[in-house]
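K.L.:
starting from these lines, generate the structure:
(4 chains)
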Protein chains: 2
Amino acid sequence: MLNYKHLQYFLQVAKSGSVSRAAEKLHLTPQTLSGQIKSLEERLGIELFRRSGRRLELTRAGKLALHYADEIFRIGAELEEALSESPGTRMTPFRVGISDAVPKTIAHRLLMPALSLQEPVKLICRENRLERLVAELAIHRLDMVLANKPLPTNLDVKGYSHPLGECGVAFFASKALAHTLGPSFPANLDGMPLLLPGEDSALRVPLQRWLEKRGLSVRIAGEFDDSALMKSFGEAGLGIFPSSAVIADEVERHYRVVRIGQTDEIRERYFAITVERHVRHPAVLAMSETAHGGLFSQSPEVSDRTGAN
Amino acid sequence: MLNYKHLQYFLQVAKSGSVSRAAEKLHLTPQTLSGQIKSLEERLGIELFRRSGRRLELTRAGKLALHYADEIFRIGAELEEALSESPGTRMTPFRVGISDAVPKTIAHRLLMPALSLQEPVKLICRENRLERLVAELAIHRLDMVLANKPLPTNLDVKGYSHPLGECGVAFFASKALAHTLGPSFPANLDGMPLLLPGEDSALRVPLQRWLEKRGLSVRIAGEFDDSALMKSFGEAGLGIFPSSAVIADEVERHYRVVRIGQTDEIRERYFAITVERHVRHPAVLAMSETAHGGLFSQSPEVSDRTGAN
DNA sequence: GCCTGGTTTCGAAAATTACGAATTGATTGA
DNA sequence: TCAATCAATTCGTAATTTTCGAAACCAGGC
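P.N.:
Numbering: from 1, shown residues only, chains lettered A, B, ... in the order given. Reported below is the predicted structural model:
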């Protein structure tokens, strides 16, 4: 029988990108985690991490396991949530799915208007791969999905994508990595390791085209469905990574990285995906209106309290 | 942090309908399970079981938790499956979702033809609530869903329901319960406790109408999304339960219950739900053909209409 | 009343998990 | 090139959790 405690530890290590960092978060010592993860690997009969230098890297199997583990503990958290909910307090729930590819700060900003309606709404957020969220949308377990790209057409789900706004893209690197960089952006990207968003983000293709057009060849050091995970690995110095320009300040502060340049030629766009053609839910309406009113032009500098996961 | 081992035990107890039976399956002693479940209840701050007489009954919270737990360990199993799969051996996979409301024996019979194709297929079965399976269908993680009713129209998913066959309904009771019954079916149902399938089955409404028409009033002792769970509780004597007539013998044998009567006025129907209007997948094709060739009419059982008590 | 089949309580034994001390191994930089 | 450093790991032991045997309890059935 699979040991779920081990799996929990694995998830935290994978998310943090390092054993010691995960140990800190879990209030455990590194050697404990190390051992427990080894047991997990033995139990599964497959290596989850590749020990590359003094850094851990997920193997193919590890990445696969990460997705499952994430799902499992997400549901576990939902279970606790569901049971702790006192049956009396029933505010209008606003159930939002947030694609992993959407930075949490962006999601936070976009969702703010929904919380300041006169009628108090209870926000229920659920993060996951876009595909999975769209499936939840189809069975009405979500009111809306926040994504990085419009509803993928290969999914057999009825739904509509409402554009919320767009902005340029900035590039970030850990301080150590930034030191090794030449002075002129974007030429200094040439030959550097780069972290890319996964297929859930519409950014990847234009980004690669943009690099190509400038004759820049980079080493793709990693590809991440989850934007926070990408940033976390970026913080650890695994590579340079892109992110929406409007949240550059937060990214620098939160992940202790520096912005090495930015461009408006690549555009990051955000969408609200709903089932209905015309939005009815007051919260979605409020969001959509505020976003069009220029959420992305006048950056309101919101402090982000959520942990870096 | 939630203890997933406890949750695992809870799931098994809930599914088996009794601590001691679950203990057997898990190769543990009842007192261990009892204790661990108590810890879980304490951890969650809510009772999962109601100790009614010498029988355990799921509370409202328990039922909720059951769904989540089921999901969690299903994904855990998938994780192991996914990792153990050697990347070389890749047969044509045939991914089938089976609604919890569909009896396993029926699913088995319906799926047989898919396995006897000349091209060897690898059958991947996934059980869950119909709603959830349809969502998986929409994102192409399943090729087909086997259900008790056609694609619900309230779900915003494109898909088509292909009828596979239908049959009458039989009623079963534990031996002890059957002894307390009058001789003439269906009049002897009056005043008895009855277990009903949940909303995932199309059976419930016609069933209640049928009872009404005969002026029979029953006490609804339980409502189950999962047909196996219903039978398990039925075996424990919680109430009389209905099931497809064609599998009456298996039900009697497997759950140690007796058939107390049957009717052809209530029809249980089965459907294959797919994304495409016209089925292409060879396995689905094979199933559909065989089912229409009379899987349900030429029932291998001896027909015995008289109520056994 | 007195079995029977089941659940629960209570220690003590067994297993698992966590930590301190010390090791290895890669990267940094004098 | 050779320490110094940072991170992962190994090993033996301590702390914690899980499990079980023994015995009590509880609701039917005879």
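K.L.:
what angle separates the longest helix seen in chain A from helix B:60-84?
P.N.:
Criterion DSSP state H: the longest helix present in chain A is helix A:60-84. For the pair helix A:60-84 and helix B:60-84, the angle between their directions (axes from the mean of the first three to the mean of the last three Cα atoms, to 10 degrees) equals 180 degrees.
K.L.:
tell me the mean pLDDT for helix A:60-84?
P.N.:
Averaged over helix A:60-84, pLDDT sits at 91.
K.L.:
and that helix, what does it pack against?
P.N.:
helix A:4-16, strand A:121-128, helix B:4-16, helix B:30-44, helix B:60-84 (3 or more Cβ pairs under 8 Å, 6 or more residues apart in numbering or on different chains; DSSP states H and E). Using the backbone N, CA and C atoms, a C-beta is placed for each residue, glycine as well.
K.L.:
what residues sit buried inside the second one?
P.N.:
Pointing back at strand A:121-128 there. Of the residues in strand A:121-128, those buried under the neighbour-count criterion (16 or more other Cβ atoms under 10 Å in any protein chain shown) are A:121, A:126-128.
K.L.:
relative orientation of the very next helix or strand once past it and strand A:121-128 in degrees?
P.N.:
Downstream of strand A:121-128, the first helix or strand assigned by DSSP states H and E is helix A:130-138. For helix A:130-138 and strand A:121-128, the angle between their directions (the same axes, to 10 degrees) works out to 140 degrees.
K.L.:
does stretch A:263-281 reach chain B?
P.N.:
Yes. For stretch A:263-281 and chain B, the contact criterion (Cβ under 8 Å from any Cβ of the partner chain) is met by A:Val275.
K.L.:
quick one on the thing from earlier: looking at the helices and strands packed on helix A:60-84, which is closest to DNA strand D?
P.N.:
Shortest distance between DNA strand D and the helices and strands packed on helix A:60-84, using Cβ to the nearest atom of the strand, is found for helix B:30-44: 4.0 Å.
K.L.:
for the closest one, which outside residues touch it?
P.N.:
Identification of contacts with helix B:30-44 by Cβ atoms under 8 Å, 6 or more residues apart in numbering or on different chains yields A:80, A:83-84, B:2-3, B:5-7, B:9-10, B:12-13, B:19-20, B:22-23, B:26, B:47-49, B:61, B:65.
K.L.:
give the bridge partners for A:Val157, please.
P.N.:
B:Val157 (DSSP bridges).
K.L.:
that one and B:His140 touch, don't they?
P.N.:
No. Here A:Val157 does not reach B:His140: they are 10.6 Å apart, not a contact under Cβ atoms under 8 Å.
K.L.:
where along the stretch 201-309 of chain A do the helices fall?
P.N.:
For the stretch 201-309 of chain A, the helices defined by DSSP state H, counting those that start in this stretch cover A:204-213, A:227-235, A:248-255, A:282-292.
K.L.:
now, of those, which is deepest in the fold?
P.N.:
helix A:227-235 (a mean of 25; mean count of other Cβ atoms under 10 Å in any protein chain shown).
K.L.:
what packs against that one?
P.N.:
In this structure, helix A:227-235 packs against helix A:4-16, strand A:160-174, strand A:193-197, strand A:219-224, strand A:241-244, helix A:248-255, strand A:257-274, with contacts taken as 3+ Cβ pairs under 8 Å, 6+ apart.
K.L.:
could you give the angle of the first one to helix A:60-84?
P.N.:
Relative orientation of helix A:4-16 versus helix A:60-84 (the same axes, to 10 degrees): 110 degrees.
K.L.:
repeat that for the last one.
P.N.:
Regarding strand A:257-274 and helix A:60-84, their directions subtend 60 degrees when assessed with the same axes, to 10 degrees.
K.L.:
from A:Lys15, how far off is the residue in the stretch 1-150 of chain A that DNA strand C sits nearest to?
P.N.:
Scanning the stretch 1-150 of chain A for the residue nearest DNA strand C gives A:Gly53, at 2.6 Å (criterion: Cβ to the nearest atom of the strand). In this view, A:Gly53 and A:Lys15 are 20 Å apart by Cβ to Cβ, to the nearest Å.
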